[in-house]
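[1] structure here, sequence nowhere to be found:
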């Protein structure tokens, strides 16, 4: 039986009959290509979100942590609380803008931020949110020297941070 590549080549010369097996095979191949492209885009979005999250962690560690060896649980709580509230200024500004213009804005960016925050809160409440192992000095040195590339991400040591690991009673305390 001919492969889809051969069928596509022949279809350029002469179109197959709409009800033929060749036409069905071409339609199936086209649907499969679209599905694979969609899957590729979804994977790229997940990787970009992970890189963005890791860059935030890196920037915050560079900015706030002078002495990496003396890190306590209270510091870890503060670190992840700040991470979960990183969009608060932007959300408040959007709400104020909506109130002054006396309209309701339902932008995709606002929806994306809310979805991301709810997902992260759900993760930290259940299985855990990936983050740097703040109690391992060598791991933090790797985080600080990370170049921001996807290819070098596997050498970063992460830890699943949950509410129990941070000694927080509920997600509403964050």
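    Done, it's in. None of these values were measured; they are calculated from a predicted model.

[2] any idea which residue is closest to the centre of this protein?
    Closest residue to the average C-alpha location of the chain: residue 49 at 2.8 Å, with Cα atoms, centre = their mean.

[3] contacting residues for that residue?
    Taking Cβ atoms under 8 Å, 6 or more residues apart in numbering, we find residue 49 in contact with residue 116. C-betas here are computed from N, CA, C, even on glycine.

[4] and the next element down the chain from the one helix or strand residue 37 maps to?
    Using DSSP states H and E, residue 37 maps to helix 21-64. Toward the C-terminus, helix 21-64 is succeeded by helix 73-84 as the next helix or strand (DSSP H and E).

[5] show me the contact partners of that next one.
    Residues from elsewhere that reach helix 73-84 (Cβ under 8 Å, 6+ apart): 56-57, 60, 64, 117, 120-121, 124, 129, 131, 134-135, 161, 166-168, 174.

[6] and what of stretch 128-139?
    50, 53, 57, 61, 68-69, 71, 75-76, 79-80, 83, 120, 123, 140, 143, 156-162, 165.

[7] now the helix holding residue 37 against helix 73-84, angle please.
    Relative orientation of helix 21-64 versus helix 73-84 (axes from the mean of the first three to the mean of the last three Cα atoms, to 10 degrees): 130 degrees.

[8] just want the phi and psi numbers for residue 130.
    Recorded main-chain torsions at residue 130 are phi -70, psi 130, according to degrees, to the nearest 10.

[9] which of the contacts of helix 73-84 fall within strands?
    In this view, those that belong to strands under DSSP state E are 129, 131, 161.

[10] so which of these is the most crowded?
    For the ones in strands among the contacts of helix 73-84, the largest neighbour count, defined by other Cβ atoms under 10 Å, is 24 neighbours, found at residue 129.

[11] could you check how far it is from residue 63?
    Using Cβ to Cβ, to the nearest Å, residue 129 is found at 20 Å from residue 63.

[12] repeat that for residue 149.
    Distance from residue 149 to residue 63, by Cβ to Cβ: 21 Å.

[13] residue ranges with poor pLDDT in this structure?
    Counting by pLDDT under 70, the chain shows low-confidence ranges at 1-3, 65-69, 101-107, 170-174.

[14] run the last query once more with 80
    In the predicted model of the chain, residues 1-13, 64-71, 95-109, 168-174 satisfy pLDDT under 80.

[15] can you classify residue 159 as helix, strand or coil?
    strand (DSSP: H, G, I helix; E, B strand; the rest coil).

[16] so what sits opposite it in the bridge?
    Applying DSSP bridges to residue 159 gives these bridge partners: residue 131.
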